[in-house]
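Participant: sequence and computational prediction follow.
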Protein chains: 2
Amino acid sequence: MKALFRIAIFLLLSLSLHAENGHKLWLRNTTSNPVNVVCTKDSPILSVAKNELKQGWQGESNASVVLTIKTDKAIVGDGFKIVNNGIQANTEKGILYGVYELLRRQQTNEVIKEEICNPSYQLRILNHWDNLDGSIERGYAGLSIFWKKGNDAMVVSKNDKLLWNEYARANASVGINGSVLNNVNASPDMLRKETLQRVKAIADILRPYGITTYLSVKFSSPALIGGLKTSDPLDPEVIKWWKEKTAEIYSLIPDFGGFLIKANSEGQPGPQDFGRTHADGANMLADALKPHGGIVMWRAFVYQTSGEDRAKQAYTEFMPFDGQFRDNVIIQVKNGPIDFQPREPFSPLFGAMKKTPVMAELQITQEYLGHSVHLAYLAPMWEEFLQSDTYQEGKGSTVASCTNGAIFKHKYTAIAGVSNVGLDANWCGHLFAQSNWYSFGRLAWNSSLSSEQIADEWIKLTFSQNTTKNCNSIDWDLNFLKPVKQVMLQSHEAIVNYMMPLGLHHIFAAEHHYGPGPWWAPKGVRKDWTPPYYHQADSLGIGFDRTKTGSNAVSQYKEPLHLLFEDATTCPEAFLLWFHHLPWDYKMKNGRTLWNEMCYRYDTGLQEVRQFQKVWDNVQPYIDAERFTHVQLKLREQSRNAQEWKDACLLYFQQFSKMPIPGDIERPLNELDQLIEKDLKRN
Amino acid sequence: MKALFRIAIFLLLSLSLHAENGHKLWLRNTTSNPVNVVCTKDSPILSVAKNELKQGWQGESNASVVLTIKTDKAIVGDGFKIVNNGIQANTEKGILYGVYELLRRQQTNEVIKEEICNPSYQLRILNHWDNLDGSIERGYAGLSIFWKKGNDAMVVSKNDKLLWNEYARANASVGINGSVLNNVNASPDMLRKETLQRVKAIADILRPYGITTYLSVKFSSPALIGGLKTSDPLDPEVIKWWKEKTAEIYSLIPDFGGFLIKANSEGQPGPQDFGRTHADGANMLADALKPHGGIVMWRAFVYQTSGEDRAKQAYTEFMPFDGQFRDNVIIQVKNGPIDFQPREPFSPLFGAMKKTPVMAELQITQEYLGHSVHLAYLAPMWEEFLQSDTYQEGKGSTVASCTNGAIFKHKYTAIAGVSNVGLDANWCGHLFAQSNWYSFGRLAWNSSLSSEQIADEWIKLTFSQNTTKNCNSIDWDLNFLKPVKQVMLQSHEAIVNYMMPLGLHHIFAAEHHYGPGPWWAPKGVRKDWTPPYYHQADSLGIGFDRTKTGSNAVSQYKEPLHLLFEDATTCPEAFLLWFHHLPWDYKMKNGRTLWNEMCYRYDTGLQEVRQFQKVWDNVQPYIDAERFTHVQLKLREQSRNAQEWKDACLLYFQQFSKMPIPGDIERPLNELDQLIEKDLKRN
């Protein structure tokens, strides 16, 4: 009853505390019709469900809503059924998700009819790259909501709990059911007793929202904090240490989810340090977790200084182990073969590893997409990825169906997104970055949702027309919803255009991964960390030859993709320079030279951002001043950045192409040497 | 003969020494056909004329060119007549100007026919704001060519002489016949013996090119360097001092031109310091110069902290003295009533002072027009000014005819331009700034020339198609001459648009007069030095009310101008906010609100510069790499600046208008607070 009361108070507070600083996310319905909730059971999760109904009911006044838990084979996992008078589900979580779905449909004026909604993935997990000192790797929205520095680092405050509650509610409302609380570049201190106490406190808050807690672990923890001489996964002492540590965690958090691990990757320790394999390492941890029902998420983001094309290495290294992992190990693979670039082809591991569950790791935080400055709606990129056909089990073997259990039957299906949440009042730094948190949850629940539908939902929920005075629904749809949705849907492609069109990738400035840096290649830095390694621009042309005359990375793709990518004339132009090194005067399908096409793409990207600015300024009458100004200023900065990207890349590559920028294109404003100097100063 | 040889050597050197850094100005013909020059007389000036013919003859090979000095009443002053077989003139200088005209017509393929060419103004003078330490006030092309710091400041080097020779030749080639060697904010040290020795050395080099030397003097010189207790112009000792100093100058430079003086203006001393008038001061100096044939150019650029509209003060202060000046005094008046703004109406003194010769002071250096960064071809602005009808002696009393002797018959007619010349290899900082030096000379010679014709000449001479390989004349005319001329002709209006459209003025950042600073108004600074004094923006509207409800400056203009300016509906929109404070929603002739029109103007200016960039990049095939890149980089900077101007002014004024920027206009990129911060850092 105390928990119930706390939740009610929280809901009240969260509705009134914040003005329009964006803190309310997509959960901003502030009125409710009276409703009669009928539910014979009670539990923390059901309490949340009931309270949400009471706080947000937009249906008929005094209606009766019946929440029914009963087994139905058509309902899978935490799925639910919308029935005539309420929600039916197999589990309490199913009821909770059904309630959120019902309320969302009410608020967005969607059809509410009898319908079964089953999740695409069982495990829909946020990865937080939060460090114990409160910083966040690739975080652009302030410090960690979980961790902080100082003497009171482990003290759980009222505010902490309030915030974790809000966070959990937001996740639950879009179907996210797991959180990895710390960075994959993990500190061994994560597993210390006092830290685990705080993990327990967090887990206790997340649990009523159906969210399972996970941790990233450092492979060398046994030696670093366990007092052992080794962390060799086959060493009995090491095995014992992990078993005991795991048991300790479960004693605090009985429904703990398991471990996420980055091993033998970018300097992180791993089984190879002891002559063991990824399978040896993953299985040892899996054995420790198995008795408790936990899982291991083992990352495939690995690349050595071997000189082999970085894009090939994850496949090369992991394919031999397919079938050698325990059934509670999932291999977590980034969507593309390199590293969360604005556009990549899918990693060839998807669909190729058939005997091992593979989960996609998406990046919600915009490491390579303008941080929290650029308006980048990522659902179109994820949609493109999930719908990519791997052809591994014949036509239609999309990445989605290769990972969601439709094709391969494994014990677990899962998907992960690297979170963009921080202490900023609006959670994500950029108001529109909230849409990516929202979209990740929605796609994890239903991988066949369209990015257009998700944008539509998010805009309606976030900028509810109810908050706009003197505005009818037709006006709002036409003058706000439609243009803003168009901006969102175009935003990712605009970024690709002004940053890295035609398959260019990883030409960012060093370290910060924000501005352009195609020139960056200091002596002594490993080549596959420098842009020239990726763009390969020279007097003859540009692009990374991954055909048989080059690294032959194309061979990792199943036919007909292999041959499609191998041949420049059939390779999708979006991936042209990803797979091919082509002459500057290579003729594109539209008849332009490659150089000219690059020029047009870069300029188009810039012009698109300017257009976004216009659209946003024109919707001012439909939005509160705070959020209007917030986005207006972000777009201005993005527009300046887009100009710099265009100018830097065109002027840099022009040194090799020696070709003029087509006469009808707006000219560069910035000097190459000034841009380079600015970049070097920043590093 | 020695002088002759030196000149020949110089001509050879100047043709070959410099690559394409722009040093050759519009004097870049490098080939000559053999020619037989017939001239019965000899003199240094005639030697220059003959050598120019021999170095630059583009007519029939082995033609005979006859130079004839004989009196012809149809030829006035240093005018000349192009005759069938050469040049006829009353004076040696006339021959020299005739030769330059002949050669120019050959190089630009203009018609050469029998024709008399008389100068519009007798005195066509450059004012150099050069200080004795080598710095130049409002100079943007390096240090002074005349003065330098250091122990050898007064040593005349070979390089000095070479440069002064080149400078003199350039002036003579466009008809300039006088140079004031130092800043109007004059140092008293200018009149010291050792300085005058250097003046003599300069005068000796300028003389064979028909150029008279003048000096700016400080009114308090008698006290400052003469050991007198006062500089009171009615004090006998003072009178004596100036007589002796003048005689000393003439003993060194027998054809010395006279003094330019800034008195009781912006802190400079003057006769008012001793209870005397401008007339007292000017006449005292005139009396000292009179026996030697020298003149006084007395500046009317005065404004007190009286609180009276600054635009009115020169008129108020000088009109009472009309008729009280000696006949060798000329009143030098800046073109507009304020201070060389991008656009001003003409100063009401023109045509109003009928009994005193009045000369216009134009500013060639771009103090308020983007320094040597912005491409600003100023001839259209000067053309607009010279052709402005004052109505003082009926319709057609243009500024030109009020000052060139057509209407008022005084002993002298004159025009001055504040020079943009410095030690930079290309003389003027910006290659296109050379066109303003060129244009000033051409307009001073012939005030009815069109800016279009002058641009045509200058482009042909400066970018001679002879230097372009693989190019026929039709291509060059169409693809280079025409678009580049269009850029030049549009350039001034573009600057007005993105800096100060619709009669806005003096909203520059403090001191440097470069970037935007409509906000600049620190405590303690006199109000008429701050932009808010000039734009008067408030919640009601914008603009300076100079009608009868305001300062009534309109009353200083002769009918019908007075009433035309008084009424906002008849006032030219180009001067609207110069004369009127109007509401933000004031309806313009095109139906737009004033605020919207401002937005469109600012944006148009920016788009125009972007267009200039395109044009320039497209003419690359027709020009050498050095000059191409030079201008390309300048245009890029100008384009960035135009963006800042637009953003700063629109965002600043929007705080008052509270009106949205029209939806179809490209949005600002910069933040107002960032622009203000940048401005404050610079100051």
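Facilitator: Nice, I can see it.
Participant: neighbours of the nearest residue to A:Leu285 once chain neighbours are set aside, how many?
Facilitator: Once its chain neighbours are removed from consideration, A:Leu285 has its nearest residue in A:Val296; the separation is 4.8 Å (CB to CB, 6 or more residues apart in numbering or on different chains). C-beta: built from backbone N, CA, C; applies to glycine. By the criterion of other CB atoms under 10 Å in any protein chain shown, A:Val296 has 26 neighbours.
Participant: tell me which element A:Val296 falls in.
Facilitator: Element membership of A:Val296, judged by DSSP states H and E, is strand A:295-299.
Participant: which of the helices or strands spans the residue nearest to A:Lys193 when sequence neighbours are not counted?
Facilitator: Spatially, and ignoring its direct neighbours in sequence, A:Lys193 is nearest to A:Glu248 (7.8 Å; CB to CB, 6+ apart). Here A:Glu248 sits within helix A:236-252, counting by DSSP H and E.
Participant: what ranges does the stretch 51-200 of chain A have for its strands?
Facilitator: The residue ranges that make up the strands of the stretch 51-200 of chain A, judged by DSSP state E, counting those that start in this stretch, are A:63-69, A:80-83, A:86-89, A:115-117, A:123-127, A:178-180.
Participant: which of these sits closest to B:Asp72?
Facilitator: The closest approach between B:Asp72 and any of the strands of the stretch 51-200 of chain A, judged by CB to CB, belongs to strand A:123-127 at 95.2 Å.
Participant: ok, and what's touching the closest one?
Facilitator: Strand A:123-127 is touched from outside by A:171, A:175-180, A:184, A:212, A:214, A:216, A:257, A:260, A:295, A:297, A:330, A:359, A:361, A:364, A:412-419, A:421, A:440-441, A:444-445, with contacts defined as CB atoms under 8 Å, 6 or more residues apart in numbering or on different chains.
Participant: how about a cut-off of 6 Å?
Facilitator: A:Gly175, A:Ile176, A:Asn177, A:Gly178, A:Ser179, A:Val180, A:Ala414, A:Ala416, A:Gly417, A:Val418, A:Ser419, A:Ala444 (CB atoms under 6 Å, 6 or more residues apart in numbering or on different chains).
Participant: surely A:Gly142 and A:Leu423 touch.
Facilitator: Yes. Under the criterion of CB atoms under 6 Å, A:Gly142 makes contact with A:Leu423 at 3.8 Å.
Participant: more crowded one of the two?
Facilitator: Using other CB under 10 Å as the criterion, A:Gly142 and A:Leu423 rank with A:Gly142 on top: 18 against 15.
Participant: could you report the pLDDT at that one?
Facilitator: Note for A:Gly142: predicted pLDDT of 98.
Participant: show me the contacts for it.
Facilitator: For A:Gly142, the contacting residues are A:Gly422, A:Leu423, A:Asp424, taking CB under 6 Å, 6+ apart as the criterion.
Participant: just the closest of these to chain B, please.
Facilitator: For the contacts of A:Gly142, the minimum distance to chain B (CB to the nearest CB) is 19.0 Å, reached by A:Asp424.
Participant: ramachandran coordinates for that closest one?
Facilitator: In terms of degrees, to the nearest 10, the main-chain angles of A:Asp424 are phi -50, psi 150.
Participant: would you check how far apart it and A:Gly139 are?
Facilitator: A:Asp424 sits 10 Å away from A:Gly139 when distances are taken as CB to CB, to the nearest Å.
Participant: more neighbours, the two?
Facilitator: Taking A:Asp424 and A:Gly139 together and counting by other CB under 10 Å, A:Gly139 has the greater number of neighbours (28 against 21).
Participant: A:Gly422 is in contact with the more buried one, correct?
Facilitator: Yes. Under the contact definition of CB under 6 Å, A:Gly139 touches A:Gly422, with a separation of 5.1 Å.
Participant: pull up the overlap in contacts between these two.
Facilitator: Where contact means CB under 6 Å, 6+ apart, no residue is in contact with each of A:Gly139 and A:Gly422.
Participant: and the stretch 501-650 of chain A, which of its residues are near chain B?
Facilitator: Residues of the stretch 501-650 of chain A found near chain B, taking CB under 6 Å from any CB of the partner chain as the criterion, are A:Arg610, A:Gln613, A:Lys614, A:Asp617, A:Asn618, A:Arg636, A:Ser639, A:Arg640.
Participant: need the mean per-residue confidence for the strand or helix carrying the second one.
Facilitator: Assigning secondary structure by DSSP H and E places A:Gln613 in helix A:594-618. Per-residue pLDDT values over helix A:594-618 give a mean of 97.
Participant: Throw the residues of the stretch 501-650 of chain A next to chain B into a markdown table and include distance to B:Leu669 and neighbour count, thanks.
Facilitator: What follows is these, written out as a markdown table (distance: CB to CB, whole Å; neighbours: other CB atoms under 10 Å in any protein chain shown):
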| residue | distance to B:Leu669 | neighbour count |
| --- | --- | --- |
| A:Arg610 | 9 | 18 |
| A:Gln613 | 8 | 22 |
| A:Lys614 | 12 | 19 |
| A:Asp617 | 13 | 19 |
| A:Asn618 | 17 | 18 |
| A:Arg636 | 5 | 22 |
| A:Ser639 | 5 | 24 |
| A:Arg640 | 5 | 18 |
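Participant: save those residues as CSV, and put in distance to A:Asn33 too.
Facilitator: Putting those into CSV (distance: CB to CB, whole Å) gives the following:
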residue, distance to A:Asn33
A:Arg610, 44
A:Gln613, 39
A:Lys614, 39
A:Asp617, 36
A:Asn618, 34
A:Arg636, 41
A:Ser639, 43
A:Arg640, 47
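Participant: out of these, who's nearest B:Gly541?
Facilitator: Out of those, the member with the shortest distance to B:Gly541 (by CB to CB) is A:Asp617, at 22.8 Å.
Participant: what about A:Arg198, how many residues nearby?
Facilitator: If we define neighbours as other CB under 10 Å, then A:Arg198 has 19 of them.
Participant: these two touch, right, it and A:Met154?
Facilitator: Yes. Proximity of A:Arg198 to A:Met154 meets the contact threshold set by CB under 6 Å, at 5.2 Å.
Participant: please enumerate the shared neighbours of the two.
Facilitator: Taking CB under 6 Å, 6+ apart as the contact criterion, no residue touches both A:Arg198 and A:Met154.
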